[in-house]
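Peer 1: here is a sequence together with a model predicted from it:
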Amino acid sequence: MVIIHKLPNRRYGMPGNASCPGCPESMGLRYLKMALGDKAVLVIPAGCSSVIQGIGPKSGINFPILNIAFAAAGAAASGMKAAFEVQGKDYIVVVWAGDGGTADIGFQALSGAAERNEDIIYICVDNEAYMNTGIQRSGLTPYGAWTTTTWTGKKEHKKNMPFILIAHDVPYVATASVGYPHDFIEKLRKAAKIKGFKYIHLHAPDPVGWRFDSSLTVKVAQLAVQTGMWPLFEYERGSFKLSPFSKKYKDPSKRVPVIEYLKIQGRFKHLLNKPEEIKKIEEYIERTWWWIDLLERSTNPAKTARELLNK
Amino acid sequence: MGENKITSSQTCVIEPPKTFFWAPLSKPAPAASGKTGTWRTERPVIIQEKCVKCLLCWLYCPEDAIIRKEDNSVEVDYEYCKGCGICAAVCPVDAIKMVPEEWGGKQ
């Protein structure tokens, strides 16, 4: 359990960087510093994070960073970890990639590193489009969302990255949200202790690309969890479990109606008077939770058997 | 000049550089993009009497522009605050108010 008041009093971020007001990525980077301290070394492929650094000679991110080509983040991190091992240095190699650098362009390097079970933490900062180059559609853009390349709304659903990584059978897979920093910090600390490939998918609502007011970043992130759009869970060494913040929303009647999440964002504006489109998003949520139920039951057979015996 | 000249029979060996400081390298420092306080259109003002020292604004501020003091009271760093308004939105007791900036970016 992370208690805010017990965190050391220091400046975790780097003020005066080039991020937009209300940026979830610079929030996430602060939580990364709170969790791992000065032991983390970042590998950043092209994306918003390489813009936040700004141009030299000053860097706007408070970490040692290797900037690398879009498709090479997983491979570069594997090499970096191997070099640290040879030199006997105890650093945590963290890949901080956007959704394009994870799910689309960087996917082969990620999949390769996961298959080799490299000892790195891979964090996908998911702002659901190519925000840096001007809000183009990505594989992680949800159904119906406006982007500059999908004017009438995207016609496909979001690729379910955490489940793909679970299928790789890596030691640790988790989802997190910038709206719940306690949860994210806890998962990062847990991941740092595990040897092998760790994947954390961080949901990061972006005020610029999602078309909402910059003060609502935290609220939108929390609504995504409360409506069931973004379930928080972790998969650790073959056992799947829901995080405490998301446990309650397994029951569909306890979830906030998805319209609350959609109407706050300008990118879903054209969907609001189309009930059949909203129904499709609701069906997507149902399907995601069906998968979660399936994984929860199939990965904990011992627990399920014990429960049956106790009955 | 004559001694150092490489002839075609010799092989040219390029020594690897001892340090890599010739590569583009930047170091973490505040104000990488200047004093970002000038971006602000609204400024957060903390009402200290209402503050309950929960530190939520300090936790959620993306810019690290909320300065946490020894006794967990907070203060805004107006030099770098971009005025996004997250601190005012997450404050549970409404102790932070967003006030429009004066015309001309006066700090």
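Peer 2: Structure's in. What do you need?

Peer 1: quick check: bridge partners of the closest residue to residue B:27 other than its chain neighbours?
Peer 2: Leaving out its chain neighbours, the residue that sits closest to residue B:27 by C-beta to C-beta, 6 or more residues apart in numbering or on different chains is residue A:59, at 6.0 Å. Backbone N, C-alpha and C define where each C-beta goes, glycine included. Applying DSSP bridges to residue A:59 gives these bridge partners: residue B:28.

Peer 1: do I have it right that residue A:59 meets residue B:30?
Peer 2: No - proximity of residue A:59 to residue B:30 does not meet the contact threshold set by C-beta atoms under 8 Å, at 10.4 Å.

Peer 1: ok, back up a step: could you report the neighbour count for the residue nearest to residue B:27?
Peer 2: Counted by other C-beta atoms under 10 Å in any protein chain shown, the residues lying close to residue A:59 total 21.

Peer 1: and it, what does it touch?
Peer 2: A:14, A:53, A:65, B:26-29, B:32 (C-beta atoms under 8 Å, 6 or more residues apart in numbering or on different chains).

Peer 1: now the two most distant members of those.
Peer 2: Greatest spatial distance among these (C-beta to C-beta): A:65 and B:29, at 13.4 Å.

Peer 1: these two: which is more packed in?
Peer 2: Each of residue A:65 and residue B:29 had its neighbours counted (other C-beta under 10 Å), and the higher figure belongs to residue A:65 (19 against 14).

Peer 1: so the more buried one versus chain B, what's the distance?
Peer 2: Distance check for residue A:65 against chain B: by C-beta to the nearest C-beta, to the nearest Å, it reads 9 Å.

Peer 1: and the pLDDT at that residue?
Peer 2: At residue A:65 the predicted local distance difference test score is 93.

Peer 1: what's the burial count for residue A:72?
Peer 2: The number of residues packed near residue A:72 is 17, by other C-beta under 10 Å.

Peer 1: surely it touches residue A:109?
Peer 2: Yes - taking C-beta under 8 Å as the contact criterion, residue A:72 and residue A:109 are neighbours in contact, 5.7 Å apart.

Peer 1: low-scoring stretches of chain B, by residue?
Peer 2: Within chain B, the ranges that satisfy pLDDT under 70 run B:1-24, B:104-107.

Peer 1: tell me the residues of it that contact chain A?
Peer 2: In this structure, chain B approaches chain A at residues B:24-36, B:39, B:54-56, B:58-65, B:68, B:70, B:72, B:77, B:79-80, B:82-86, B:88-90, B:98, judged by C-beta under 8 Å from any C-beta of the partner chain.

Peer 1: from these, list just the buried residues.
Peer 2: If you count burial by 16 or more other C-beta atoms under 10 Å in any protein chain shown, the buried members of the residues of chain B next to chain A come out as B:26, B:28, B:30-33, B:36, B:39, B:54-56, B:58-65, B:68, B:77, B:80, B:82-86, B:88-90, B:98.

Peer 1: out of those residues, list just those in helices.
Peer 2: Among those, the ones falling in helices (DSSP state H) are B:56, B:58-60, B:86, B:88-90.

Peer 1: the nearest residue to residue B:64 once chain neighbours are set aside: how many residues sit nearby?
Peer 2: Once its chain neighbours are removed from consideration, residue B:64 has its nearest residue in residue A:13; the separation is 3.3 Å (C-beta to C-beta, 6+ apart). The burial count assigned to residue A:13 is 24, neighbours taken as other C-beta under 10 Å.

Peer 1: ok, now which ones touch residue A:13?
Peer 2: Each residue near residue A:13 by C-beta under 8 Å, 6+ apart is listed here: A:26, A:29-30, A:33, A:62, B:61-64.

Peer 1: so what touches stretch A:37-44?
Peer 2: Stretch A:37-44 has contacts (C-beta under 8 Å, 6+ apart) with A:32-33, A:50, A:53, A:61, A:63-68, A:73, A:76-77, A:80, A:84, A:90-97, A:192.

Peer 1: separate out the buried members of those residues.
Peer 2: Buried subset of the contacts of stretch A:37-44 (neighbour count, 16+ other C-beta under 10 Å): A:32-33, A:50, A:53, A:61, A:63, A:65-66, A:68, A:73, A:76-77, A:80, A:84, A:91-97, A:192.

Peer 1: among the residues you listed, name the ones in strands.
Peer 2: Among the buried ones among the contacts of stretch A:37-44, the members falling in strands are A:65-66, A:68, A:92-97 (criterion: DSSP state E).

Peer 1: report the two of those separated the most.
Peer 2: Farthest apart among those by C-beta to C-beta are A:68 and A:92. That separation is 17.2 Å.
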